[in-house]
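# with the input below, show me the fold.
(chains A and B)
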There are 2 protein chains.
Amino acid sequence: MLVKRKNLYQSCWHGAPGLLSPVNFLEEKGHQGLAVAVFGILFSSLCMLVLDNDPLPFIASSTQHNREYWKIMALLYYPAFYYPLIACATVRHRAGYLLGCLLSWCHCVVHIWQKADCPQSPKIYRYYSLLSYLPVIFCLMVLSLWYPALLVRSFTEWEVGAWGPKSLSLGLDEREDEGREFLGFPLVTSHPSACNPEARMIDWLTSDFGIAGFQVPLKLVLSVTMAVIAVYQVALLLLVAFIPNIQIIRAGMTKEITVLLVQFGLIPSENAGGIPGDMEKELATVKHYLWALEVCYVCSLVISCLLTFCMLMRSLVMHRMNLQSLYRGAVLDVFYHPHELRPSQQSLVCWMSFASFQTAFTCLGLLIQQIIFFICTVGFTFLVAIPLRSGTNMHLFKIVENMWQFWLTLVVAVILQHLVTHYYFLERDRLPKELTNRRALYILTYLLFPINVLVGVLAGVWRMVISALYNAIHFCQLDISLLNRSVELFDPGYRTYCHYLKIEVSQSHPVMKAFCFLLLQLPSPEGQTVLKPTDVEEGIQLMQTKKVSPKVSKSKQSRARWCLAYTLLNNPSLLPLRKTVLADPTANGTQNSPAKP
Amino acid sequence: MLVKRKNLYQSCWHGAPGLLSPVNFLEEKGHQGLAVAVFGILFSSLCMLVLDNDPLPFIASSTQHNREYWKIMALLYYPAFYYPLIACATVRHRAGYLLGCLLSWCHCVVHIWQKADCPQSPKIYRYYSLLSYLPVIFCLMVLSLWYPALLVRSFTEWEVGAWGPKSLSLGLDEREDEGREFLGFPLVTSHPSACNPEARMIDWLTSDFGIAGFQVPLKLVLSVTMAVIAVYQVALLLLVAFIPNIQIIRAGMTKEITVLLVQFGLIPSENAGGIPGDMEKELATVKHYLWALEVCYVCSLVISCLLTFCMLMRSLVMHRMNLQSLYRGAVLDVFYHPHELRPSQQSLVCWMSFASFQTAFTCLGLLIQQIIFFICTVGFTFLVAIPLRSGTNMHLFKIVENMWQFWLTLVVAVILQHLVTHYYFLERDRLPKELTNRRALYILTYLLFPINVLVGVLAGVWRMVISALYNAIHFCQLDISLLNRSVELFDPGYRTYCHYLKIEVSQSHPVMKAFCFLLLQLPSPEGQTVLKPTDVEEGIQLMQTKKVSPKVSKSKQSRARWCLAYTLLNNPSLLPLRKTVLADPTANGTQNSPAKP
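Below you'll find the predicted structure:
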């Protein structure tokens, strides 16, 4: 097995039997669920780590001083600890799957047993630890079911003898039509008789093209799933930090505290002196108010979670559209300023931290939304709903009532301006409307200046509210800049997203992937070693290592040129890749030289 | 004089001797200073009106109940009261100027005498009333000097016999070059011998073109000046509402209050028991803290005012660029989505309220900035500056010290990612850099996921801070949307600005104005009545009322066509205006029919 592994991964770590890559982020092939599950476990562990006093399981009780060190150690320990769970799948071998089965079952059983044995903990709320472990257990159960399924499938595939390329082209067939449509190729009948590599590639590209461009990249699926888990964890924390405490306060509310509240004027009372003896009614009011506060909190939390979830789903839709536009080369549809779609140091660092940023931003966004919506719902409840129901604390209504003349004046002024503009200042009979009665327009503008300033103050308040609300609601969306379009890249979230998109587009263009994959599948015409599926990793460089026979008929060559031109016209983002290869003196294969469109 | 006025303004109010327009907002001709001064008086009156208990000068003391009505009345009374001050200038006659002189002198003397007689008032701060009246007095003094200057100039112009067209073409000569350059016309020698209207127009457009497109419109000058006065009034109010009060508190601080503050832990004390006898040192500390608070307040106010002022100046620059782009027809340089530059009901209402909105937004923006900067400076002073100086209250430093391992880890992780990316994951020898060592990249991405989440939390905090700061600082700028580019028109400020721009561009294109002005100056070839300068108001319709002789030589006609094509090519925003005229069956003058480019 070791020898086999060494052969499989000889291109990495200079041929040494190196570590298995946990997940190929740029090539989503079948293991999306596994990767998402393991990252979910990792993130949930991180959440518990931040709040926990004992960060590492084998260090019993750390002192205040060295706890920081242990926590930092734990930040590196957990990824390493769960590493085997995900790496087992990337071997693409039965033994790996078997090991994965055993590992995931072990983890799962240990965790479930631990929590069943001791469901309560003294932290924040007695069931908090149990509830926050639920995502971990769920992810482990996904793993425990996924690995056996992989194992079973590997057996059935081995029996029909299609191990190897088949496992790579898994699920390619059903995506054919979508891929062909995306590339803009007409339906050309395939030529099964053609056996030289070029004709096969052309056939592949024109009729059997199989890798679709519409799949959401693994990195994005990962980030959105992490964000959903983050919503769960933050919402859980917010819930257990507030609700049990306010319930305790409500239960322990006494008449003495009620008297104090009445004296501060917070609770309306007919009993002006505040004698503790007959405060039954006021005590009920206090309890009712506390209950209302609890309801407000839960409502705002539900609204925040739903909104965050909607925004994450919108993020996915936006991303799909952006990716399509960029594959087609329409850079200005996505970015306001032109961007070069090449990997750079900055963009690679951003790509690495994209999923983490999405997760962290979702946590913060939920927190901000919860604060804002809680204030709003409390304001609505105590200034509108309760006064309307009980007839006390009518502060807001009194203010509105006192100023009704003022509001009426503003409304009348605005309506007047609209009416006069419609009927008097614009020519109504000519369709491209022109100004008329300018003198009266100027007089009205002058006379209404002071009233319009007051209307402007209201518009300014609305501007403030709407921009704050918009930013709070869209805080978790990295694909939207919270700043103005001229400075949008100063927003760290949006900058990360832009750079992430660059890497995704430049590294995983569907046509490029189809081309590389086809090259790997080709049997060598001159008895050279067949390239292995794992060499997909090195991407474009593959084209240079191939030496195919240059004797091709004239018609075939022109057909190849036409196909190339057509492909490049429909996918202008491939052009730089092509030029790179041309500029390199070692690349002189016939499939690279023809027709510059 | 009445007959003369009736003749001059026969096109308005169906020939009746109507009200004089206070200011021609779309045609900035000489009276900018006057208009700005009167609007300044109006806005300052509004500021005092909002805070005053006696809104109208002739109503001695109003009760609480009917005060609201009087305030609403005052909103309409003040514009009407100051109306003659500005309307006198638009008569363009010596009598008007004389009346203006007398009125402005009266107002000025009354105001100065009133304030000199009784400089103090019981409101907010004893000198507040005096200080808030300063802009009014300054504006009145401008008026008192401007009207005599106009009067003197009218006498000198009358003597040289250039009354009428000369007064309109005032200051046109010095803007010739700029205007010609703007229109993209080559330097063509003028033909003074040509005397038929078409040739004169062509000469005008090609060589003597006089109305420049680079002037900032009156409406914008007005709005920016109002905004500056608003900054003064709001800053003054903020200053007198806080500083005198805190000075009184500082002077009246006693040892008893100091003991209370020490017991609450707000003031550090070596005297743990808090005995009132020996609290000299603590009292000094409290006074020092209050003084620091005062300094913070003034500093933040100065910063806010300077920033607001800078933003207003930037607004002017941006506006000039936007106007240039729109005149050239480059709509997408200014707006993100294509806009039609035609007057509509919505745009006209926005145009009317633009200056008011700018003023109101500046007030609100300054208030928001003051709150934010005050919190920031207080935080900096009490968490950084005072602890560094005195060595007490080191809360922030203690937190940073306790968490230094954590910060170090994050910094190391970020630096590590940059270094590894630069030296290991990107091919360094090829210029369009390509990814390499993908397996190690994926492993590092996986391992650093938890640490990157924590980095992401910091980035999220930064995102929150930067978007809040950006929005607060740019709140007073209407030409910037505070929302994302896809929904930027939901921002009421930006929407107003966009509509305002539409009206400005569609109504005051320099070529159109030059054309109208030339038509007015033409002596009629067939003895028809000469159009009067006041008919400028009706703008484009002028072209239809002209009947010029259609006998023009072939070469002249082709030259006219070429010029028209050239003008339209350089100013595509004129095209709709042209089409309107063509679509109208009454328009069949020769200057409208040739060459569709």
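# my guess is A:C498 meets A:F490, correct?
No: under the criterion of Cβ atoms under 8 Å, A:C498 is not in contact with A:F490, lying 11.8 Å apart. Any C-beta I mention is one placed from the backbone N, CA and C, and that applies to glycine too.
# more neighbours, these two?
A:C498 (22 against 17; other Cβ atoms under 10 Å in any protein chain shown).
# ok, that one - contacts?
A:F335, A:H339, A:C350, A:L489 (Cβ atoms under 8 Å, 6 or more residues apart in numbering or on different chains).
# then A:L130?
A:K115, A:P119, A:Q120, A:S121.
# in PyMOL, select just the buried ones from these.
Selection command for PyMOL covering only the buried members of the contacts of A:L130, criterion 16 or more other Cβ atoms under 10 Å in any protein chain shown:
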select buried, chain A and resi 115+121
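# how about JSON lines for the contacts of A:L130, with pLDDT added?
As requested, the contacts of A:L130 are arranged in JSON lines below (pLDDT from 0 to 100):
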{"residue": "A:K115", "pLDDT": "86"}
{"residue": "A:P119", "pLDDT": "79"}
{"residue": "A:Q120", "pLDDT": "79"}
{"residue": "A:S121", "pLDDT": "79"}
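# could you pull out the helices for the stretch 451-597 of chain A?
Using DSSP state H, counting those that start in this stretch, the helices found in the stretch 451-597 of chain A span residues A:492-507, A:510-521, A:542-545, A:554-570, A:575-583.
# out of those helices, nearest to B:V412?
Ranking those by proximity to B:V412 (Cβ to Cβ) places helix A:492-507 first, at 19.3 Å.
# measure A:N402 to chain B for me?
8 Å (Cβ to the nearest Cβ, to the nearest Å).
# and if you look at A:A385?
28 Å.
# next, that residue: phi, psi?
phi -70, psi -50 (degrees, to the nearest 10).
# following the helix or strand that A:L290 is a member of in sequence, what is the next regular element?
Assigned by DSSP states H and E, A:L290 belongs to helix A:280-327. With elements assigned by DSSP H and E, the helix or strand that comes after helix A:280-327 is helix A:331-334.
# gap between that next one and the chain center?
20 Å (Cα atoms, centre = their mean, to the nearest Å).
# lowest average pLDDT across the helices of the stretch 451-597 of chain A?
Per-stretch mean pLDDT for the helices of the stretch 451-597 of chain A is lowest at helix A:542-545 (a mean of 38).
# how far out from the middle of the chain is stretch A:124-144?
For stretch A:124-144, the distance to the chain centre is 22 Å (Cα atoms, centre = their mean).
# averaged pLDDT, it. What do you get?
89.
# which residue ranges make up each domain of chain A?
Per automatic domain parsing, the structural domains of chain A span A:2-163, A:182-214+A:512-597, A:218-333+A:357-394, A:401-473.
# among the ones you listed, which comes closest to B:H107?
domain A:401-473 (17.1 Å).
# okay, how far is it across the closest one, tip to tip?
With Cα to Cα, to the nearest Å applied, domain A:401-473 spans 33 Å between its terminal residues.
# so how far is it off the chain centroid?
With Cα atoms, centre = their mean, you get 41 Å for domain A:401-473.
# mind checking the backbone torsions on A:I267?
The phi/psi pair for A:I267 (degrees, to the nearest 10) reads phi -110, psi 130.
# setting aside sequence neighbours, what's the nearest residue to it?
A:L261 (4.7 Å; Cβ to Cβ, 6 or more residues apart in numbering or on different chains).
# do you know how far that neighbour is from B:I473?
41 Å (Cβ to Cβ, to the nearest Å).
# then A:C310?
Taking Cβ to Cβ, one finds A:C310 at 30 Å from B:I473.
# now A:C498
24 Å.
# and among the helices of the stretch 451-597 of chain A, the most buried is which?
helix A:492-507 (a mean of 24; mean count of other Cβ atoms under 10 Å in any protein chain shown).
# can you give me the angle that helix makes with helix A:280-327?
30 degrees (axes from the mean of the first three to the mean of the last three Cα atoms, to 10 degrees).
# so how many other residues sit close to the residue nearest to A:V453 when sequence neighbours are not counted?
Distances taken as Cβ to Cβ, 6+ apart put B:S356 closest to A:V453, at 4.4 Å, once the chain neighbours are dropped. Using other Cβ under 10 Å, B:S356 is surrounded by 27 other residues.
# B:S356: what's it in contact with?
A:L448, A:F449, A:P450, A:N452, A:V453, A:V455, A:G456.
# most neighbours among those residues, which one is it?
Going by other Cβ under 10 Å, A:G456 tops the contacts of B:S356 with 27 neighbours.
# show me the residue at the heart of chain A, geometrically.
A:V224 (3.5 Å; Cα atoms, centre = their mean).
# quick check: angle from the one helix or strand that one maps to to helix A:280-327?
Taking DSSP H and E as the criterion, A:V224 maps to helix A:218-251. Helix A:218-251 runs at 180 degrees relative to helix A:280-327, counting by the same axes, to 10 degrees.
# show me what helix A:218-251 is packed up against.
helix A:32-51, helix A:128-159, helix A:280-327, helix A:345-380 (3 or more Cβ pairs under 8 Å, 6 or more residues apart in numbering or on different chains; DSSP states H and E).
# in that helix, what's buried?
Those would be A:218-240, A:242, A:250, for helix A:218-251 by 16+ other Cβ under 10 Å.
# can you count the residues close to A:T308?
Counted with other Cβ under 10 Å, A:T308 comes out at 26.
# and it, what pLDDT?
95.
# next one: A:S344
Reading off the model, A:S344 has pLDDT 88.
# excluding sequence neighbours, find me the nearest residue to it.
B:K433 is the one closest to A:S344 (Cβ to Cβ, 6+ apart), at 6.6 Å.
# what confidence value was assigned to that neighbour?
77.
# what about A:Q358, how many neighbours?
30.
# I figured it was touching A:M226, is that so?
Yes: between A:Q358 and A:M226 there is a contact under Cβ under 8 Å: 6.7 Å.
# would you single out the least confident of the domains of chain A?
Among those, domain A:182-214+A:512-597 scores lowest, with a mean of 52.
# wasn't A:K123 part of a helix?
No: secondary structure of A:K123 (DSSP: H, G, I helix; E, B strand; the rest coil): coil, not part of a helix.
# what's the closest non-adjacent residue to it?
Nearest to A:K123 is A:S129, by Cβ to Cβ, 6+ apart, at 5.7 Å.
# hang on, the earlier thing: what's the local residue count around the residue nearest to A:S344?
The burial count for B:K433: 19, using other Cβ under 10 Å.
# and what about it, helix, strand or coil?
coil.
# in contact with it, which residues?
A:R342, A:P343, A:S344, B:L426, B:E427.
# quick one: buried ones out of the residues you listed?
A:R342, A:P343, A:S344, B:L426.
# any chance of those residues in CSV with secondary structure and distance to B:F155 as columns?
Below are the buried ones among the contacts of B:K433 laid out as CSV (DSSP: H, G, I helix; E, B strand; the rest coil; distance: Cβ to Cβ, whole Å):
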residue, secondary structure, distance to B:F155
A:R342, coil, 72
A:P343, coil, 76
A:S344, coil, 71
B:L426, strand, 79
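# with distance to B:L42 added, can I get those in JSON lines?
Listed next are the buried ones among the contacts of B:K433 as JSON lines, based on distance: Cβ to Cβ, whole Å:
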{"residue": "A:R342", "distance to B:L42": "58"}
{"residue": "A:P343", "distance to B:L42": "60"}
{"residue": "A:S344", "distance to B:L42": "56"}
{"residue": "B:L426", "distance to B:L42": "63"}
